[in-house]
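Colleague: below is the structure, and that's it, no one-letter string:
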């Protein structure tokens, strides 16, 4: 038995002093500090973890990561399932959800089996999968039912990347009708990929007269916010027709947020996540740079103007945005430099899996969000939306003992020299942070012990997810 004592337990509804008792893999009790029950538990404990001055948080739940993802034959995301989940643990995330990608010509079952083969026995913390559907047809939609039976209760569709992942409106609508019948969550990459490809082609054609047409900044200019907003509006409309739940991934702009906010105001099952890069990084300061400095900040959707940050923070405060995930998909410099002469050849993605909790805590420090809302968007609501609550995302008796001790006063600086992700640079280089993870438990096992890694690959288990409990 482990007792965590002296800390402030933070939940999605508030914060209060409490001692946490862990028996095996589960939380068995929350006790008033100094009470007879707390004293008795401490006396029987195999280990007492002192948490004076610490927040005691439910482990973070990152529902959008890409580990060991081959984007092209020359570019695979830098973190595999071991390094990625190790970095997640260092940052206070104890559950991640990756994707089993079903591409054209591939059976759904084969895609899931292959992904299990890559992850099984290699994860430091718990993990799950979404189904990424790149080939929507009657058999793949039929197979979605079997995926749900196997604990994969969400599917991702793409309005972008024609010829690779793209689904047209008819395919999307068919998938939404099927998801509605099954109770599955539809996730949507909402950018107008057909129009974006026209802009990218025109940038290439202009390069003969203006080489700047292929500079990193053009990644942002060829994926404008208006084409994200158009796609979000279209996805919301299709979901209304099918009466299906909809979850917009990596929402980056105020224009796109308007459609989500309107649907939520009407009581619809429409949800959206944003990511730390859209809250802290900007087109002007990070993407609009020459050479490797700009290439390192290419992700999709692209970084937007600094002026839009306030709108997204407001969306988090008002529950227009429900979740913060990372879309973690890092590539090392040699892969980013594939686009040295043409931004279109740069693999898209940033490394953030280790920093999500810290970066959102900066919102608490700056009074952008409350302490409770920090926990809500990073742990509780993602667990509830994706069928893992109350096993994950909460500190209460019966829940998995996924617990983070967080020092809110610690000062540190983000850097490639100190992070634990398998990437040779940092999109966050030099950013000063207030607050830091001290100790992390995953299902009752200590993984980070006072800033020392003591976990192991293979501890993490596949989480068979149920249906979302937040649908109305």
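Modeller: Okay, I see it. Since the model is a prediction, treat every value here as computed from it, not as a measurement.
Colleague: which stretches in the stretch 101-250 of the chain count as strands?
Modeller: Here the stretch 101-250 of the chain has its strands, by DSSP state E, counting those that start in this stretch, at 126-133, 154-158, 185-189, 246-248.
Colleague: including distance to residue 461, could the ones you listed go into JSON lines?
Modeller: Using the backbone N, CA and C atoms, a C-beta is placed for each residue, glycine as well. Putting the strands of the stretch 101-250 of the chain into JSON lines (distance: least, Cβ to Cβ, whole Å) gives the following:
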{"stretch": "strand 126-133", "distance to residue 461": "5"}
{"stretch": "strand 154-158", "distance to residue 461": "19"}
{"stretch": "strand 185-189", "distance to residue 461": "21"}
{"stretch": "strand 246-248", "distance to residue 461": "24"}
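Colleague: pull out the buried positions in the helix or strand hosting residue 43.
Modeller: Assigned by DSSP states H and E, residue 43 belongs to helix 36-44. The neighbour-count check on helix 36-44 (16 or more other Cβ atoms under 10 Å) flags 38, 41 as buried.
Colleague: rewinding a little: between the strands of the stretch 101-250 of the chain, which gets nearest to residue 19?
Modeller: strand 126-133 (24.4 Å; Cβ to Cβ).
Colleague: ok so, going back, who's in contact with the helix holding residue 43?
Modeller: 1, 3, 5, 19, 21, 29, 31, 32, 48 (Cβ atoms under 8 Å, 6 or more residues apart in numbering).
Colleague: identify the farthest-apart pair in these.
Modeller: 1 and 32 (17.8 Å).
Colleague: compare neighbour counts for the two and give me the winner.
Modeller: Counted by other Cβ atoms under 10 Å, residue 1 and residue 32 do not tie: residue 1 has more neighbours, with 15 against 12.
Colleague: which residues touch that one?
Modeller: Per Cβ under 8 Å, 6+ apart, neighbours of residue 1: 21, 22, 23, 28, 41, 44, 45, 46.
Colleague: quick one: the strands in the stretch 251-400 of the chain?
Modeller: Counting by DSSP E, counting those that start in this stretch, the strands of the stretch 251-400 of the chain are 270-274, 323-324.
Colleague: tabulate those (TSV), appending mean neighbour count, mean pLDDT and distance to residue 421.
Modeller: Converted to TSV, these look like this (neighbours: other Cβ atoms under 10 Å; pLDDT from 0 to 100; distance: least, Cβ to Cβ, whole Å):
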stretch	mean neighbour count	mean pLDDT	distance to residue 421
strand 270-274	25	98	20
strand 323-324	28	98	18
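Colleague: for those strands, which one sits closest to residue 468?
Modeller: Per Cβ to Cβ, nearest to residue 468 of the strands of the stretch 251-400 of the chain: strand 270-274, 8.9 Å.
Colleague: contacts for that closest one next, please.
Modeller: Taking Cβ under 8 Å, 6+ apart as the rule, strand 270-274 contacts 63-64, 236, 239, 245-252, 256-257, 260, 263-264, 312, 315-316, 320-325, 385, 470.
Colleague: now swap in stretch 237-246 and tell me
Modeller: Contacts of stretch 237-246 (Cβ under 8 Å, 6+ apart): 169, 172-173, 176-177, 179-180, 184-186, 188, 235-236, 263, 268-271, 468, 471.
Colleague: show me which of those are buried.
Modeller: Here, 16+ other Cβ under 10 Å leaves 172-173, 176-177, 179-180, 184-186, 188, 235-236, 263, 268-271, 468 buried among the contacts of stretch 237-246.
Colleague: now, those that are in helices?
Modeller: Filtering the buried ones among the contacts of stretch 237-246 for membership in helices, criterion DSSP state H, returns 172, 173, 176, 177, 179, 180, 235, 236, 263.
Colleague: how about a markdown table for those residues, with pLDDT added?
Modeller: Listed next are those as a markdown table, based on pLDDT from 0 to 100:
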| residue | pLDDT |
| --- | --- |
| 172 | 98 |
| 173 | 98 |
| 176 | 98 |
| 177 | 98 |
| 179 | 97 |
| 180 | 97 |
| 235 | 98 |
| 236 | 98 |
| 263 | 97 |
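Colleague: ok, those residues vs residue 276, which is closest?
Modeller: Nearest to residue 276 among those: residue 235, at 23.0 Å, using Cβ to Cβ.
Colleague: go ahead and confirm the closest one touches residue 175.
Modeller: No: using Cβ atoms under 8 Å, residue 235 and residue 175 do not qualify as a contacting pair, with a distance of 11.3 Å.
Colleague: how far away is residue 214 from residue 174?
Modeller: 37 Å (Cβ to Cβ, to the nearest Å).
Colleague: quick one, helices of the stretch 151-300 of the chain?
Modeller: For the stretch 151-300 of the chain, the helices defined by DSSP state H, counting those that start in this stretch occupy 169-182, 193-206, 217-221, 225-242, 254-265, 276-280, 291-295.
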